[in-house]
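>>> Kindly generate the corresponding structure for this input.
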Amino acid sequence: MAQQPITAAWRLIIVLVILLAGAACTPQGGDNTVWPTDGWLTSTPEEQAMDPALLEQMMAFVDEQALAYDAVLVVRHGYIVLEEYRNGYDRDRQHHLQSATKSVSSMLIGIALHEGLLEGVDQKVVDLFPNHTIANLDARKERLTLAHLLTMSDGMDWHETDYAYTDARNTLGQMWTSRDAVQHVLDQPLAREPGQAWAYNSGTSILLGGVLEEATGRDVLDFARQYLFGPLGIDHVRWDRAPGNHYHTDGGLYLTPRDMARFGYLALHGGTWNGKEIVSPEWVARSTEAHYQASAGRGYGYQWWTLDGGIFAAHGHYEQLIYVVPAADMVVVLTGNIPDDVIPPSDGLLYRYILAACTDLAPGAASRTYANYGFTFEYPVGFGVAEMPFPGQEAPSREAGLVQFQFLSYPVELVEAVWVPENPDLDLEAHLAGFIETASQQAGGEYRAGESRAFAKGDHPALYQPFDFAQGGVHLRGVTVVWHCPESRRVFILSYATSPDVPDSELEERLQGHLDAFRCHEVP
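Residues are numbered from 1 along each chain as shown. Reported below is the predicted structural model:
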């Protein structure tokens with residue numbers, strides 16, 4: 001199954017604030033790599049420079065929120081420092097990887113290149129399937145390459161995320177009822193030039209399996225056992241098949257969490273395992289860098305997702321995840337059955353608890369600096385950034401605009417900075433009322449503002465107003481502050497929104513932290 005897209009409900013005209021613990025950690029270094037080929041070694045968190053209290057808080061949070069994780073496994077410096085199972089799972093029970101399978105399929109393509117069975121990612125798809133008659137063949141499809149499949153920039157007329165899986169118009173659903181999954185995807189018409197844009201398409205991953213079959217002359221699992229699973233010491237594998245007796249290379253793999261961690265550990269070490277190069281380090285580096293921006297805060301490589309802080313991840317439906325964190329010498333595995341109507345919580349666990357638990361945090365690793373349009377803002381690692389024009393404007397400028405800083409994991413946090421020119425009356429109440437009206441119109445749903453009161457932004461008088469927002473199953477509460485910055489001759493509005501269970505005192509504390517991190521500058 002494909003990962004569900006972020007819905008429009010999260011693109012609110014309101015703000016995000018503080019991550020108490022979003023950061024990346026520094027590795028201890030050294031060449032004494034611990035290899036788990038014959039089994040993982042375990043260690044206490046303290047021995048690997050991690051605070052056990054934060055890890056305990058994380059698991060308490062998982063249980064308190066009834067988050068349906070089946071496994072949580074953390075590896076640092078080659079040692080398992082946390083391993084928890086729920087819902088009848090244990091270390092020996094395999095779990096369905098869903099679309100995290102895609103990253104394994106990508107690695108197998110890299111191995112086929114490493115073994116000389118493929119020439120390169122610029123090979124044309126039509127040439128990789130010489131024994132197939134391909135429908136809807138035109139000049140654009142003839143330019144389609146292996147690289148386009150790997151990066152989901154194929155340009156197909158593909159409808160996987162815009163219709164429910166049960167809808168007859170869903171192209172992935174059509175593939176599953178076809179007679180041959182590979183042929184079904186090959187026959188799809190193109191809607192745009194390959195390479196023009198990214199769009200989620202599990203059909204590209206099915207074609208990667210077909211490429212492996214054609215190039216190796218073997219079935220995918222047989223090839224994977226010899227060149228990937230065997231060298232890593234992964235003995236027990238289940239891999240389901242798709243129509244046409246092809247392997248389900250977009251989401252059909254089952255592994256234990258410990259074996260998922262082995263795969264992540266191979267990627268962490270650039271494709272080398274215990275002195276043997278399984279795949280080239282260049283392939284791993286190229287696979288795990290962002291070729292396209294996929295969503296707020298996330299990029300997409302060769303069937304890998306990329307995150308802030310140099311992190312990359314294999315990600316599957318219902319929150320199957322293998323996070324690889326090179327800066328922390330860390331692999332994190334999560335498996336579960338998180339329903340689609342729950343805000344995905346996994347990135348929050350990673351940034352707020354697991355990486356925050358590192359006690360050897362590098363200076364400055366916990367934050368990023370935004371500097372544009374005459375102001376600077378320090379925001380936590382893990383937040384996505386989106387610049388937008390102020391409503392009624394064509395583009396943001398030094399005179400007016402808005403920037404959203406978004407953390408779209410549970411609990412959601414949104415910070416929005418808005419700026420407009422000062423008016424002769426410097427009527428902050430009017431500015432605040434105008435912003436509330438605009439926010440209500442833009443966000444939709446039900447936007448309720450509370451009573452405003454006097455506040456301060458440093459030496460600048462300000463107004464403070466709480467609000468609640470509800471739309472469908474989404475409920476957020478937050479605070480808006482408006483103040484005049486005479487140095488830049490503009491009025492700034494900073495809003496923060498988060499989950500409704502945050503108490504008032506903490507809400508104001510978080511807002512104050514963001515206000516302190518915001519600096520406006522004189523306009524030249």
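>>> Quick one: low-confidence residue ranges for the stretch 201-350 of the chain.
By pLDDT under 70, the stretch 201-350 of the chain has no low-scoring segment.
>>> how about the strands in it?
Counting by DSSP state E, counting those that start in this stretch, one finds strands in the stretch 201-350 of the chain at the ranges 238-239, 241-242, 246-247, 253-255, 272-273, 276-277, 292-295, 298-300, 305-307, 311-316, 320-325, 330-336.
>>> Select, out of those strands, the one closest to residue 440.
Among those, strand 292-295 comes nearest to residue 440, with 25.1 Å by Cβ to Cβ. Quick note: C-beta positions are derived from backbone N, CA and C, even for glycine.
>>> Quick check: residue 190 touching residue 144?
Yes. The pair formed by residue 190 and residue 144 meets the contact definition of Cβ atoms under 8 Å, at 7.4 Å.
>>> more neighbours, these two?
More neighbours surround residue 144 than the other of residue 190 and residue 144, with 25 against 20 (other Cβ atoms under 10 Å).
>>> what sits against residue 164?
The neighbours of residue 164, taking Cβ atoms under 8 Å, 6 or more residues apart in numbering as the test, are residue 170.
>>> Quick check: which of the strands of the stretch 201-350 of the chain is nearest to residue 84?
strand 330-336 (10.3 Å).
>>> who does that closest one pair up with?
Strand 330-336 has the following sheet partners, assigned by DSSP bridges: strand 69-76 (antiparallel), strand 320-325 (antiparallel).
>>> Give me the distance between the most centrally placed residue in the chain and residue 200.
Taking Cα atoms, centre = their mean, the centroid of the chain lies closest to residue 298, which sits 4.6 Å from it. To residue 200, residue 298 is 11 Å away according to Cβ to Cβ, to the nearest Å.
>>> Of the strands paired with strand 330-336, which stretch is the most buried?
Burial of the strands paired with strand 330-336 is given as mean neighbour count (mean count of other Cβ atoms under 10 Å); strand 320-325 ranks first at a mean of 27.
>>> what sits up against whatever helix or strand residue 385 lives in?
Using DSSP states H and E, residue 385 sits in strand 384-388. Strand 384-388 has contacts (Cβ under 8 Å, 6+ apart) with 295-298, 308, 370, 372, 379, 396, 401-408.
>>> buried set for that strand?
Buried residues in strand 384-388, counted by 16 or more other Cβ atoms under 10 Å: 384-385, 388.
>>> The contacts of strand 384-388, buried ones only, as a PyMOL selection?
Here is the PyMOL command that selects the buried residues among the contacts of strand 384-388 (16+ other Cβ under 10 Å):
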select buried, resi 295+296+297+298+308+370+379+396+401+402+403+404+405+406+407+408
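>>> quick one on the thing from earlier: can I get the CA coordinates of the strand holding residue 385 in CSV?
The C-alpha coordinates for strand 384-388 follow below in CSV (Å, rounded to 0.1, in the frame of the first residue of the first chain):
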residue,chain,number,x,y,z
GLY,A,384,9.3,22.1,7.1
VAL,A,385,9.4,25.6,5.7
ALA,A,386,7.0,27.0,3.2
GLU,A,387,7.1,30.6,1.8
MET,A,388,3.8,32.0,0.5
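>>> Could you identify the helix or strand that succeeds that strand?
Per DSSP H and E, the first helix or strand lying C-terminal to strand 384-388 is strand 401-407.
>>> Tell me which strands that next one pairs with, and in which orientation.
Sheet pairing for strand 401-407, assigned by DSSP bridges, gives strand 384-388 (antiparallel), strand 413-421 (antiparallel).
>>> So which of these is nearest residue 504?
Judged by Cβ to Cβ, the one of these that comes nearest to residue 504 is strand 413-421, at 16.2 Å.
>>> pLDDT of that closest one, averaged?
Taken as a whole, strand 413-421 carries a mean pLDDT of 93.
>>> The nearest residue to residue 314 once chain neighbours are set aside: what secondary structure?
In this structure, residue 314 finds its nearest non-sequential neighbour in residue 103, 3.5 Å apart by Cβ to Cβ, 6 or more residues apart in numbering. Secondary structure, DSSP: H, G, I helix; E, B strand; the rest coil: residue 103 is helix.
>>> what are the phi and psi angles of residue 515?
phi -60, psi -40 (degrees, to the nearest 10).
>>> my bad, residue 517
Here residue 517 shows phi and psi, under degrees, to the nearest 10, equal to phi -90, psi 0.
>>> Can I get the strands of the stretch 201-350 of the chain in a markdown table including distance to residue 33?
Shown next, in a markdown table, are the strands of the stretch 201-350 of the chain (distance: least, Cβ to Cβ, whole Å):
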| stretch | distance to residue 33 |
| --- | --- |
| strand 238-239 | 29 |
| strand 241-242 | 36 |
| strand 246-247 | 31 |
| strand 253-255 | 22 |
| strand 272-273 | 9 |
| strand 276-277 | 13 |
| strand 292-295 | 32 |
| strand 298-300 | 28 |
| strand 305-307 | 24 |
| strand 311-316 | 19 |
| strand 320-325 | 15 |
| strand 330-336 | 13 |
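>>> which ones are touching the residue nearest to residue 314?
Per Cβ under 8 Å, 6+ apart, neighbours of residue 103: 263, 267, 303-304, 314, 322.
>>> could you redo the last one with a cut-off of 6 Å?
By Cβ atoms under 6 Å, 6 or more residues apart in numbering, the residues touching residue 103 are 303-304, 314.
>>> again with residue 345
67, 409-410.
>>> Let's see which of those end up in helices.
The helices, defined by DSSP state H, take in nothing from those.
>>> Report the lowest-confidence entry in the residues you listed.
Among the contacts of residue 345, residue 410 carries the lowest pLDDT, at 80.
>>> thought that residue was touching residue 343?
Yes. Using Cβ atoms under 6 Å, residue 410 is in contact with residue 343, at 4.3 Å.
>>> Kindly state the beta-bridge partners for the residue nearest to the centre of the chain.
Under the criterion used here (DSSP bridges), residue 298 is bridged to residue 295.
>>> Could you report the separation of it from residue 306?
On the measure of Cβ to Cβ, residue 298 and residue 306 end up 7 Å apart.
>>> In a helix, residue 500, correct?
No. Per three-state DSSP, residue 500 lies outside any helix segment and is coil.
>>> Can you report how many residues neighbour the closest residue in space to residue 360 that isn't next to it in sequence?
Spatial nearest neighbour of residue 360, excluding adjacent residues (Cβ to Cβ, 6+ apart): residue 49 at 4.6 Å. Neighbour count for residue 49, taken as other Cβ under 10 Å: 20.
>>> ok, now residue 240?
Based on other Cβ under 10 Å, the number of other residues close to residue 240 is 12.
>>> who's in contact with residue 37?
The neighbourhood of residue 37, defined by Cβ under 6 Å, 6+ apart, consists of 233, 274.
>>> Find me the pLDDT at it, would you?
Residue 37 is given a pLDDT of 87.
>>> With the one 3 residues further on instead?
As summarised for this prediction, residue 40 has a pLDDT of 98.
>>> show me what contacts it?
The neighbours of residue 40, taking Cβ under 6 Å, 6+ apart as the test, are 80, 258.
>>> how does it look with 8 Å?
So residue 40 contacts 75, 79-80, 258, 261 (Cβ under 8 Å, 6+ apart).
>>> Now do residue 87 against residue 459, distance only.
54 Å.
>>> Between the two, which has more neighbouring residues?
Comparing residue 87 with residue 459 by other Cβ under 10 Å, the one with more neighbours is residue 87, at 11 against 7.
>>> Which parts of this protein are helices?
Going by DSSP H, the chain shows helices at 52-64, 101-114, 125-128, 139-142, 146-150, 171-176, 181-186, 202-216, 220-224, 257-268, 281-287, 346-349, 428-443, 504-516.
>>> Can you name the residues in contact with the first one?
Right, helix 52-64. Outside helix 52-64, the residues within contact range by Cβ under 8 Å, 6+ apart are 21, 44-46, 67, 69, 72, 74, 81-82, 84, 349, 352-354, 356-357.
>>> What mean pLDDT does that helix get?
The model assigns helix 52-64 a mean pLDDT of 96.
>>> do you know how far residue 493 is from residue 504?
Taking Cβ to Cβ, one finds residue 493 at 20 Å from residue 504.
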